[in-house]
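**Student:** predicted model, plus sequence, below.
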Amino acid sequence: MYGKVTVNDLPMEVLAYVFQHIQQDRLGSFTFPYPTPDAPREVKNTCKNSPFRELVTIQHVCRYWRQVLQTFPLLWTTIFLPAPHYVTHSGEVVTTCGHNSDQDESHGPRKAGWCSWPRADVSIQLPTLGHIGHCLSLSGSHPLSVYSVDHVHGLNLVERQAHRLRHLQIGYTLKSVPAVFNIIWNALDGFRAPVPLLESLDIGLCIPEDADAWSDHDGIDMPIRGLSLPVLFSQRMPRLKRLRLAGVAPWTRNHFRRLTHLCLTGWRLMETSPTNIHELLSLLRQSPGLEEVYLSHLDPWIYESLDEPPVVNDKGDAIHLRKLRRLSVSDCYAAQILVLFAYLHVPVGSAVVLSKIQGTGVNIDSVGICTRYPTHFGNMSELHRVELETTYYESKGLAFGPSGALQITTMRAGDWQSLSRPLHFTKLPLSSLEKLCLHNMAVQEVFRTLTPESDESDDNDNKAVPCELLQTLWMSDPEEEDLDYYDALLRCAKTRHARKFPLKSVRMDGLDG
């Protein structure tokens, strides 16, 4: 309809829709979990590409564009609070800001007013309190999305508009302790008014990459202690559905209920012990409708090693997230995973991703992440395909079917040879398994597990056959140096054929000898 129309001939509502995409493109994806605490990166490091600056620049084009920006308040509902010190190309700090001017389309001289915007060809000092107040004024009464990065400048103005908040993201790169913690805590403590419209809350701390003194021996930059969360919004946030906390604990006095999306990132404990695990479990229990959960670095809540997993009362202690679609747990020890799944039950239809799992004291294979609580993995009740692969650095497993999916990536731990049977997939019933793929791993134990028991003195027909529906077996680059696995494969195929559960397709790649 508007294919041959010039930009300035577009209706105001169409041009406003185009301007709205400037903010969305710069922010990136709105999918959960949100970017790390130092994002949006364009806002953190420079105002050159920030959406705020581009909206300011648009005001210099012509009166019609300025009229569009002032007519549609939704264009000003995304507020950025980047670091406040920016200078011009010549090094001169820009101090003016605003919109009142007599400037024409040729960008001629303008009168200096309370809010005269700087020229578009220089970097802009963003934000000043005038900028923030001006945006809040232009946004009318519409819900706000506020992003604050590496400082708390201007948050006091946002606090006064807390009743309009729809999304609040506060990210801070830690540079000093405890000074920064006190600054952030005091800023958060100011948010005491109810937030009836708030749907997503993101509070995150991270350490700059050059802070070597804060890095552990694995090179993982995480806070050495967490930020204690003050009571927020008088605990009146009825619409909050999405919560992300990074480097924040404890939050005991805050109760986040009825969440649908949760992302928690802890940190590496140096000398202190984990806080009460029940803080983490209570957060999960308060939101039985959770659909997506992302957990990483569980040290603040669960010990990295244990003698025996906890005994859990399924009736009182178990956590059933019946609407869960995706669960991701990363950068944890196998013992922490065991403790978590002692309580947590995964429903049918969900996808579980366990990545960068390490072992402490004992190797991952002996821990048995999946086999300790097989009934807790409802998504593994009907898996049709399993793929296992080992490399020098990690073991990977992927399983999927009508009941859901499971992916595990374990990091190298101790003697690599001890991980000859990664992930314990071979010890699970897998009654619906149809295809098994083995890449660069020890396969003898797998073949032995898939071989039915045979005893001439007994009735073999009454003995169970592992993975009765298995029809396709594919292996490549087996880890064994000798050919003993070949005899094990022949014995497996022969026995299954005799029991009338034959392998219909066997593929072998990259074999030597």
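**Tutor:** On my side now, so go ahead.
**Student:** gap between L198 and S145?
**Tutor:** With distances taken as C-beta to C-beta, to the nearest Å, L198 is found 10 Å from S145. No exception for glycine: its C-beta is placed from N, CA and C like everyone else's.
**Student:** tell me which of those two has more neighbours.
**Tutor:** Taking L198 and S145 together and counting by other C-beta atoms under 10 Å, L198 has the greater number of neighbours (26 against 18).
**Student:** for the more buried one, list the residues it contacts.
**Tutor:** Taking C-beta atoms under 8 Å, 6 or more residues apart in numbering, we find L198 in contact with 165-168, 233, 237, 239-240.
**Student:** could I get these as TSV with secondary structure?
**Tutor:** TSV is the format used below for these (DSSP: H, G, I helix; E, B strand; the rest coil):
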residue	secondary structure
L165	strand
R166	strand
H167	strand
L168	strand
F233	helix
M237	coil
R239	coil
L240	coil
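**Student:** are any of the residues you listed buried, and which?
**Tutor:** The neighbour-count criterion (16 or more other C-beta atoms under 10 Å) marks 165-168, 233, 237, 240 among the contacts of L198 as buried.
**Student:** now do the shared contacts for L198 and S145.
**Tutor:** Residues touching both L198 and S145 (C-beta under 8 Å, 6+ apart): 166-168.
**Student:** for those residues, could you give me TSV that also reports pLDDT and distance to E159?
**Tutor:** Output for these, formatted as TSV (pLDDT from 0 to 100; distance: C-beta to C-beta, whole Å):
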residue	pLDDT	distance to E159
R166	93	15
H167	92	15
L168	92	10
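**Student:** so which of these is the closest to G404?
**Tutor:** Of all those, G404 sits closest to H167, with 30.3 Å by C-beta to C-beta.
**Student:** hmm, back to that, ok, the buried ones among the contacts of L198 vs R325, which is closest?
**Tutor:** For the buried ones among the contacts of L198, the closest approach to R325 (C-beta to C-beta) belongs to L240, at 19.2 Å.
**Student:** the nearest residue to that closest one once chain neighbours are set aside and S139, how far apart?
**Tutor:** What sits nearest to L240 in space, not counting adjacent residues and going by C-beta to C-beta, 6 or more residues apart in numbering, is L198, at 5.4 Å. Distance of L198 to S139, given as C-beta to C-beta: 16 Å.
**Student:** ok, E304 next?
**Tutor:** E304 is 47 Å from S139, by C-beta to C-beta.
**Student:** what about dumping the CA coordinates of stretch 484-494 to PDB?
**Tutor:** This file holds the C-alpha atoms of stretch 484-494, laid out as PDB (Å, rounded to 0.1, in the frame of the first residue of the first chain):
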ATOM      1  CA  ASP A 484      37.200 -57.200  21.800                       C
ATOM      2  CA  TYR A 485      34.200 -54.900  21.300                       C
ATOM      3  CA  TYR A 486      33.600 -56.700  17.900                       C
ATOM      4  CA  ASP A 487      33.000 -60.000  19.700                       C
ATOM      5  CA  ALA A 488      30.700 -58.300  22.200                       C
ATOM      6  CA  LEU A 489      28.700 -56.800  19.300                       C
ATOM      7  CA  LEU A 490      28.400 -60.200  17.600                       C
ATOM      8  CA  ARG A 491      27.300 -61.800  20.800                       C
ATOM      9  CA  CYS A 492      24.700 -59.100  21.400                       C
ATOM     10  CA  ALA A 493      23.300 -59.300  17.900                       C
ATOM     11  CA  LYS A 494      23.200 -63.100  18.000                       C
END
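**Student:** for Y34, give me the pLDDT.
**Tutor:** Predicted confidence (pLDDT) for Y34: 56.
**Student:** oh, that last question was meant for F72, not what I typed.
**Tutor:** pLDDT for F72: 77.
**Student:** could you list every residue that touches the closest residue to it other than its chain neighbours?
**Tutor:** Sequence neighbours aside, A16 is the residue nearest to F72 in space, at 4.1 Å (criterion: C-beta to C-beta, 6+ apart). Applying C-beta under 8 Å, 6+ apart to A16 gives the contacts 68-69, 71-72, 74-75.
**Student:** ok, the residues you listed vs F400, which is closest?
**Tutor:** Distances from F400 to the contacts of A16, taken by C-beta to C-beta, are shortest for L74, at 41.3 Å.
**Student:** confirm that the closest one sits in a helix.
**Tutor:** Yes: with three-state DSSP as the criterion, L74 is part of a helix.
**Student:** how many neighbours does the residue lying closest to it once chain neighbours are set aside have?
**Tutor:** Distance criterion C-beta to C-beta, 6+ apart; nearest residue to L74, sequence neighbours excluded, is H142 at 5.8 Å. Neighbourhood size, H142 [other C-beta under 10 Å]: 15.
**Student:** quick check: H142 vs G171, distance?
**Tutor:** In terms of C-beta to C-beta, H142 sits 24 Å off from G171.
**Student:** and what of P194?
**Tutor:** For P194, the distance to G171 (C-beta to C-beta) stands at 24 Å.
**Student:** looking at those two, which one has more neighbours?
**Tutor:** G171 (25 against 14).
**Student:** that one: helix or strand, and which one exactly?
**Tutor:** Per DSSP states H and E, G171 falls inside strand 165-173.
**Student:** helix or strand right after that strand?
**Tutor:** helix 179-189.
**Student:** identify each buried residue in that next one, please.
**Tutor:** 180-181, 184, 187-188.
**Student:** those strands in the stretch 101-250 of the chain, which residues are they?
**Tutor:** 144-149, 165-173, 200-206, 242-246 (DSSP state E, counting those that start in this stretch).
**Student:** in JSON lines: those strands, plus distance to L284.
**Tutor:** Shown next, in JSON lines, are the strands of the stretch 101-250 of the chain (distance: least, C-beta to C-beta, whole Å):
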{"stretch": "strand 144-149", "distance to L284": "27"}
{"stretch": "strand 165-173", "distance to L284": "22"}
{"stretch": "strand 200-206", "distance to L284": "17"}
{"stretch": "strand 242-246", "distance to L284": "12"}
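**Student:** right, so of these, which gets closest to I58?
**Tutor:** Among these, strand 144-149 comes nearest to I58, with 19.0 Å by C-beta to C-beta.
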